[in-house]
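**Q** pasting the structure only:
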């Protein structure tokens, strides 16, 4: 079964490269082709490089990142390929040195005035989560995670107010840690959107979600969500979605759990924005054959102080429980960053991230302080 998952991942990576090769060969002759070389050097102090509660290791970490961005846009299409290689070097613990990879493909094509199709492939191989959302519910430790996500969607405008969308997605997870089992998630569904007027948009969606592991049982979720977006003004709007999730668990029990989410966004002006989100759901966890019953909220702030100077802050808090394992987790996270544009092509950033994971299991709790300086360029 493990060989099957490895073969599936190899095939998916090959499939992801096909549209990229097509784009490189066909778009090379187009006048509106944009090719950028990107780079980034990050120097950081991490007081808990392995994300553990006891026997913590601190170190200075350097990330050397280089990448390519290829974009082509037209009246009926938007194509992009982005790839990065990140060499991570630990000053005092060289045995943790590693090479991470990111590869993203996005193809958007209008088939007609009322029909659109999109294909997205996101591949990531890294040893650490990139945000609080990925950290929440994650099995602790410093280990390599290979994640590949593929999504295909088709949108059809039935009339000026009504549109429909069909989508299919697949996610594959592989881990270097021996006690974690590879998994695959398959998701398919559709959404109907009704635009009542410029201030009110309603939607009704259904998703079938099936998670399988390389060994052991799987779980299935049939999710129904209905929601709406309301614009209080042209800059302030809210999104609210709610509905039942019909779940067949890993122990073959049938349960019904509520799923709801809400957000408020204030695009104050071109230089200032505020966003607040909340979500409560039960998910099939990619790390263990268990359901993760959780809620989370986050606050995002952005401020453009001047032409060169900007800053952002993200505050996260979530509570979750693995029902079968009887494991609780509370995650608190704060991330703040200040950016200064040295030139049109270069930028200097200084930031700090605090992460605190509390748990009723000693092996799943940790606290981390992460200070960093980033020099990035794009040409």
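**A** Received, thanks. The structure displayed is predicted, hence computed values, not measured ones.
**Q** Tell me which residues touch residue 59, please.
**A** Residue 59 sits next to 45-46, 49, 90-93, 96 when contact means Cβ atoms under 8 Å, 6 or more residues apart in numbering. Where C-beta positions appear, they are placed from N, C-alpha and C, glycine not excepted.
**Q** ok, now residue 151?
**A** 118-121, 167-170.
**Q** what's the closest of the residues you listed to residue 294?
**A** Checking these against residue 294 by Cβ to Cβ gives residue 169 as the nearest, at 20.4 Å.
**Q** Next one: that closest one from residue 244, what distance?
**A** 21 Å (Cβ to Cβ, to the nearest Å).
**Q** The two: which has the busier surroundings?
**A** residue 169 (17 against 14; other Cβ atoms under 10 Å).
**Q** re earlier: determine which two of the contacts of residue 59 are furthest apart.
**A** Using Cβ to Cβ, those reach their maximum pairwise distance at 45 and 96, which is 14.9 Å.
**Q** So for residue 252, what's the nearest residue that isn't a sequence neighbour?
**A** Using Cβ to Cβ, 6 or more residues apart in numbering and skipping the chain neighbours, the partner closest in space to residue 252 is residue 217 (7.1 Å).
**Q** Can you report how many residues lie near the one you found?
**A** Residue 217, neighbours per other Cβ under 10 Å, totals 13.
**Q** Repeat that for residue 197.
**A** Neighbours around residue 197, by other Cβ under 10 Å: 8.
**Q** I'd like to know the beta-bridge partner residues of it.
**A** According to DSSP bridges, the residues that bridge with residue 197 are residue 200.
**Q** Look at it and report its pLDDT.
**A** Residue 197 is assigned a pLDDT of 94 by the prediction.
**Q** Secondary structure of the residue nearest to residue 252: a helix, I assume?
**A** No. Residue 217 is assigned coil when assessed by DSSP: H, G, I helix; E, B strand; the rest coil, not a helix.
**Q** What does it show for phi and psi?
**A** With angles defined as degrees, to the nearest 10, residue 217 sits at phi -80, psi 170.
**Q** and it, how far is that from residue 321?
**A** Using Cβ to Cβ, which is the criterion applied here, residue 217 is 20 Å from residue 321.
**Q** Buried residues, stretch 349-359. List them.
**A** For stretch 349-359, a neighbour-count test (16 or more other Cβ atoms under 10 Å) marks 349, 351, 353, 355, 357, 359 as buried.
**Q** That stretch: how far from the chain's middle?
**A** 18 Å (Cα atoms, centre = their mean, to the nearest Å).
**Q** hmm, who's touching it?
**A** Under Cβ under 8 Å, 6+ apart, the answer for stretch 349-359 is 51, 132, 135, 140, 327-340, 364-376.
**Q** buried subset of these?
**A** Counted by 16+ other Cβ under 10 Å, those give 51, 132, 135, 140, 327, 329, 331, 333-335, 337-339, 364-368, 370, 372, 374, 376 as buried.
**Q** Tell me which entries of those lie within helices.
**A** When the buried ones among the contacts of stretch 349-359 are checked against helices (DSSP state H), the matches are 132, 135.
**Q** hmm, back to that, and the contacts of residue 59, which is closest to residue 155?
**A** residue 46 (42.7 Å).
**Q** check contacts around that closest one.
**A** Residue 46 neighbours (Cβ under 8 Å, 6+ apart): 58-61, 368-370.
**Q** Residue 101 too?
**A** Neighbouring residues of residue 101 by Cβ under 8 Å, 6+ apart: 83-86, 123-126.
**Q** cutoff 7 Å now
**A** Residue 101 sits next to 85, 125 when contact means Cβ atoms under 7 Å, 6 or more residues apart in numbering.
**Q** rewinding a little: can I get the buried ones among the contacts of residue 59 as something I can paste into ChimeraX?
**A** The ChimeraX selection below is limited to those of the contacts of residue 59 classed as buried (16+ other Cβ under 10 Å):
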select :46,49,90,96
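**Q** got JSON lines for the contacts of residue 59, with secondary structure too?
**A** As requested, the contacts of residue 59 are arranged in JSON lines below (three-state DSSP):
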{"residue": "45", "secondary structure": "strand"}
{"residue": "46", "secondary structure": "strand"}
{"residue": "49", "secondary structure": "coil"}
{"residue": "90", "secondary structure": "strand"}
{"residue": "91", "secondary structure": "coil"}
{"residue": "92", "secondary structure": "coil"}
{"residue": "93", "secondary structure": "coil"}
{"residue": "96", "secondary structure": "helix"}
